[in-house]
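A.B. asks: Generate coordinates for the sequence data below:
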Amino acid sequence: MKPLEDVRILALEQYGAGPWGSVHLADLGADVIKIEEPKSGGDIGRYVPPFAEGEDSLFFEAFNRNKRSISLDLDTPEGREVFEELVKHSDVVYSNLRGDVPERIGITYDQLKHLNPAIVCCSLSGFGQTGPRAAEPGYDYILQGLAGWMDLTGEPGGPPTKSGISLVDFSTGYVAALALMIGLHAARRDGIGMDCDVSLFDTAITFLNYPAMWHLNAGFEPVRTRHSAHPSLVPFQAFEAVDGWLVIGCAKEKFWTRFARELDHDEWTADPRFATFADRQRHAEILIPLIEEVIHQRTVDDWLGTLTRAGVPCGPINNVEQALADPHTAARQLIVKTEHPRWGDLRQVASPVRVGDSVTVHRRAPYRGENRDEILRELTGLSDDQISAFEACGAFGAPTYPNPSALNPLGNNPTKSG
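C.D. replies: Numbering: from 1, shown residues only. You can find the predicted model right below:
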């Protein structure tokens, strides 16, 4: 049995942060049922370019494996009735909508507790459900700027720089999954559910962590550092070898001693200017050029071999292709496969959440509304005639998911047009 096999989540989710939070729970066995709004075409992630055809996109596949989908129009009385029946048989209502939307569409705990007193209502939004920005849309890029991340990133004197990946979205997805599971634990213990209010803003501000502590209590003014140097540990940064870059980090005094020895400069450890962390930080403008001169004389592989054998923390600065091809990536089984009617064999990165020894079976992301009938029969007991009556009233919108056998598989070339 998978760890979360007894958990059912109704997910009014879209795009990145929300689906990212729930995909790890789905991988662990949770029944994540995507409730997609038919008038807008469902989850906008279905249409994200560049690798998208119709409602099939590689972006969507990356966030929605192992989930089920039902297309449901909550604006219709019939759609709302179906939704409320599903709430009765679920553990969590999970959403990533603007902060003021959950209450407006009736998916907060106070609005659903009469249906299921133990329901957990977890909202992930840009700015949370309270505060002056609650009604504003929030996106990763905007939050990286607003929370000070971009001001801290990049080379000194360069423009503010965004992280190469959507770190606010991803980290907030994890926070939402954590909050959701905490809420569920308490609800199962006490029989009473609750609201969970998670936001991109809260996460981004909280991730300022120790620079914020330094600033709030000691007036520290964070600045960008040359070659991504650590703000207090020296040496700990990117260094350029003759054929590329690597990161070397002396996070302990013993690493500094080993590092100086491997650079054939044992005398640096006896130099009072470089004796301690504080000394090396004060004299970094003297020490770092000395180190750079030595590192630039050999190749990345030479240095990695030498420093690794000596027990000095280091690593290459890989591109994405190199990172995915790293032997440790394969050893940790971080590349998994799913089968898709249009794309054929798809490879994608696995969830890093490892719990117990259960084996995760990965299933492709669902088509919009694909699992409607099985969900309704399984959870509500509606007959075929009743489902047809709800459909005639517009509860589900127009049928959208294709017959998989009608699609022409395109093998492993997602860029090929069909």
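
A.B. asks: contacts, neighbours, all on C-alpha from now
C.D. replies: Noted.

A.B. asks: Quick one: the helices in the stretch 251-400 of the chain, in order.
C.D. replies: 253-262, 267-270, 277-282, 284-295, 300-310, 320-325, 327-331, 372-379, 384-392 (DSSP state H, counting those that start in this stretch).

A.B. asks: Export these as CSV, with columns for distance to G106 and mean pLDDT.
C.D. replies: Rendered in CSV, the data for the helices of the stretch 251-400 of the chain read as follows (distance: least, CA to CA, whole Å; pLDDT from 0 to 100):
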stretch, distance to G106, mean pLDDT
helix 253-262, 56, 96
helix 267-270, 65, 95
helix 277-282, 55, 95
helix 284-295, 57, 97
helix 300-310, 57, 97
helix 320-325, 42, 96
helix 327-331, 43, 96
helix 372-379, 21, 93
helix 384-392, 20, 90
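
A.B. asks: Just the pLDDT for D110.
C.D. replies: The predicted local confidence for D110 comes out at a pLDDT of 98.

A.B. asks: To V355, which of the helices of the stretch 251-400 of the chain lies closest?
C.D. replies: Counting by CA to CA, V355 lies closest to helix 327-331 out of the helices of the stretch 251-400 of the chain; the figure is 17.0 Å.

A.B. asks: Dump the closest one to CSV, restricted to CA.
C.D. replies: The C-alpha trace of helix 327-331 is given here as CSV (Å, rounded to 0.1, in the frame of the first residue of the first chain):
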residue,chain,number,x,y,z
PRO,A,327,25.6,9.1,-13.1
HIS,A,328,24.1,9.9,-9.7
THR,A,329,20.9,11.1,-11.4
ALA,A,330,20.5,7.6,-12.8
ALA,A,331,21.6,5.9,-9.5
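
A.B. asks: Pull the distance from stretch 254-274 to the chain's centre.
C.D. replies: With CA atoms, centre = their mean, to the nearest Å as the basis, the distance from the averaged C-alpha position of stretch 254-274 to the chain average is 40 Å.

A.B. asks: neighbouring contacts of it?
C.D. replies: Contact with stretch 254-274 is made by 235, 249-250, 275, 279-280, 283, 287, 294, 306-307, 310-313, as judged by CA atoms under 8 Å, 6 or more residues apart in numbering.

A.B. asks: 7 Å - rerun?
C.D. replies: Stretch 254-274 has contacts (CA atoms under 7 Å, 6 or more residues apart in numbering) with 250, 275, 279-280, 283, 294, 310, 312.

A.B. asks: Arrange the residues you listed in CSV, one row each, with distance to P341 and neighbour count as further columns.
C.D. replies: Compiled in CSV, the contacts of stretch 254-274 are given as follows (distance: CA to CA, whole Å; neighbours: other CA atoms under 10 Å):
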residue, distance to P341, neighbour count
C250, 50, 20
A275, 62, 15
D279, 61, 14
R280, 58, 21
H283, 60, 13
V294, 54, 14
A310, 50, 14
V312, 48, 22
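
A.B. asks: Dump those to JSON lines, plus distance to D326.
C.D. replies: Compiled in JSON lines, these are given as follows (distance: CA to CA, whole Å):
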{"residue": "C250", "distance to D326": "23"}
{"residue": "A275", "distance to D326": "36"}
{"residue": "D279", "distance to D326": "37"}
{"residue": "R280", "distance to D326": "33"}
{"residue": "H283", "distance to D326": "36"}
{"residue": "V294", "distance to D326": "27"}
{"residue": "A310", "distance to D326": "21"}
{"residue": "V312", "distance to D326": "20"}
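
A.B. asks: Could you find which two of these are furthest from each other?
C.D. replies: Looking at these by CA to CA, the two members farthest from one another are H283 and A310, with 24.9 Å of separation.

A.B. asks: coming back round to it: looking at the helices of the stretch 251-400 of the chain, spot the one closest to F83.
C.D. replies: helix 372-379 (10.1 Å).

A.B. asks: Of the helices of the stretch 251-400 of the chain, which is nearest D202?
C.D. replies: Proximity to D202, assessed across these by CA to CA, is greatest for helix 320-325 (29.2 Å).

A.B. asks: Which among the helices of the stretch 251-400 of the chain is found nearest to R80?
C.D. replies: R80 lies closest, by CA to CA, to one member of these: helix 384-392, at 10.6 Å.

A.B. asks: Would you mark the buried spots in that closest one?
C.D. replies: By neighbour count, with 16 or more other CA atoms under 10 Å as the criterion, the buried positions of helix 384-392 are 387, 390-391.

A.B. asks: So D195, which state does it fall into?
C.D. replies: Reducing the assignment to helix, strand or coil with DSSP: H, G, I helix; E, B strand; the rest coil, the entry for D195 is strand.

A.B. asks: Pretty sure it sits against C121.
C.D. replies: Yes: between D195 and C121 there is a contact at 4.7 Å, judged by CA atoms under 7 Å.

A.B. asks: So for the two, which residue has more residues nearby?
C.D. replies: Per other CA atoms under 10 Å, whichever of D195 and C121 has more neighbours is C121, with 28 against 20.
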